[in-house]
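K.L.:
I would like to see how this sequence folds:
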Amino acid sequence: MSINISTNTAALRAGSYLAQNNAKLQTSFDRLASGKKLSSPIEDPGGLAVSMKLSASINRLAGAQNNVQNATSFLEVQDGMLDTVGRIIDRMSELKGLASQDPMKSEQDRASYNNEFKDLQVQLYAISQQGFNGVSLFANHTTNSDGVNTADQVLFNAKDTDRALDNTLTIFTSTEGSGGSKVSIYKSSLLSALTIKSDKSLAGTVTDGSSEWETVTALNKSAFTATSDNWVTFGAEKIADTLDLDMISVGVITQALENVSYLRAQNGGSQSRLAFNLESLTQQKTNMRAALGRIVDVDIAEESTNLAKYSILNQAAASMLAQANASSDVALMLLR
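P.N.:
Below you'll find the model as predicted:
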C-alpha cells in the first residue's frame, strides 16, 4: 500500500462512512422522538401520499360522527319534551275524571280543576315552541301531501306511513358529503298530534274519507261547537284560546296521548338508526387509524436497535477517521 500526502483515501472513506452513519443516527433520533416512521417525504413518498389521504378521511369521518352525535342529542332533547307532554296529558285525563266523575266535587272544585286544565294547555304550546341550538324541535306548521306550505295546522294521523309532512332534517353521515349516505330525522308534529277530531260516536278518530291529512282551521275554543265536524287542540298560546274541561271527552284525550306515543316511537326509531350509524362510523374510523398507523408509526423496538447500531458505527467511523488522518504523520517522518 502506497503512502502519500495529497490524497488520503482511507480518511476519505472513513469520513464518508461517518457521514452516512451520522445521518442514519439522526433519522433514528427523529423517529424515536416523534413516534413517526415517516419524518420526511424522501423516506417514502408513496407512503406519505397514502397517509395524507387516510388522515383526511379520518378527519371527515370525525365530522360525520359529530353530525350524528348532534342529531342524537337533538332527538334525546325532543324525546324528553315528548315525555313531559305525555305526563301533562295524563294529568289532563286525571283532571277530566276528577271534575266530571265525582259528585262530591263542588263547583269551586271543578273551577279549580278547569283552571289547571287551561294552564296545562298553555304549557303544551310553550313546549311546542322549544328548540335545540336554535333549531325548532317541533314543527309549528307543515306542508300538505302535495308538499305545499300552509300556515294552517295539518291533521296528525299515526296510520300515515308516507310521512307527507315536510319537517325533515338531513344528516350527512359519510366522507362523501352531500353525495354520500345521509339520515333524515324529523321535527315532531306536536301541535298536529294535539289536534283531535271531536266526534261523539268516534272520539278522536279520523273519519274524513281517503285523505289521511286534512287542513284544520278550527284550533281554538271560539271555533268549537258540539257538532261532529269540529276539531280541538290541546295547545294554546293564550288562556283565552284554551278549552274547558266540559268541552272535550275522555276519548279525545286518549287519542292525543296515543298520538304523542306514536311520536315517541318515531323518535326512538330515528335514535336507533343513528346509534347503528354511529357504530359504523366508529368502526370505519378505527380501521382507518390502524391502516394509517401501519404506514407512519415507528416500531419502537426496531428503531431502538437501529439507534444503538448506528451509534456504535458512528463512534467506530470517527475513530477510524482519526487514525486515517494520522497516517500523514508517518509520511512526514519519512521526509526527515
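
K.L.:
Let me know the average pLDDT across the helix ranked longest in the chain.
P.N.:
As far as residue count goes, and with DSSP state H defining each element, the longest helix of the chain is helix 45-100. Helix 45-100 shows a mean pLDDT of 89 in the predicted model.

K.L.:
From the contact counts, what lies against it?
P.N.:
Counting contacts by 3 or more Cβ pairs under 8 Å, 6 or more residues apart in numbering; DSSP states H and E, helix 45-100 packs against helix 107-128, strand 131-132, strand 168-172, strand 182-186, helix 250-296. Bear in mind the C-beta positions are built from the backbone N, C-alpha and C, glycine included.

K.L.:
If we use 7 Å, what do you get?
P.N.:
Contacts defined by 3 or more Cβ pairs under 7 Å, 6 or more residues apart in numbering; DSSP states H and E place helix 45-100 against helix 107-128, strand 168-172, strand 182-186, helix 250-296.

K.L.:
which of the residues in stretch 77-88 are buried?
P.N.:
Judged by neighbour count (16 or more other Cβ atoms under 10 Å), stretch 77-88 contains these buried residues: 78-79, 81-82, 85-86, 88.

K.L.:
Could you list the alpha-carbon positions for it in CSV?
P.N.:
Taking only C-alpha atoms (Å, rounded to 0.1, in the frame of the first residue of the first chain), the coordinates of stretch 77-88 have been written out as CSV:
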residue,chain,number,x,y,z
VAL,A,77,-84.0,16.5,23.9
GLN,A,78,-87.0,16.1,21.7
ASP,A,79,-87.9,12.8,23.4
GLY,A,80,-87.5,14.4,26.9
MET,A,81,-90.0,17.1,25.8
LEU,A,82,-92.4,14.5,24.5
ASP,A,83,-92.2,12.6,27.7
THR,A,84,-93.2,15.7,29.6
VAL,A,85,-96.1,16.2,27.1
GLY,A,86,-97.3,12.7,27.8
ARG,A,87,-97.3,13.3,31.5
ILE,A,88,-99.2,16.5,31.0
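
K.L.:
Show residues contacting stretch 290-305.
P.N.:
Outside stretch 290-305, the residues within contact range by Cβ atoms under 7 Å, 6 or more residues apart in numbering are 28, 31-32, 35-38, 47, 50-51, 54-55, 58.

K.L.:
ok, which pair from those residues is furthest apart?
P.N.:
Ser28 and Ile58 (27.4 Å; Cβ to Cβ).

K.L.:
Low-confidence ranges, this protein, go.
P.N.:
Within the chain, the stretches with pLDDT under 70 are 1-7, 39, 41, 101, 140-166, 175, 177-179, 197-231, 327-336.
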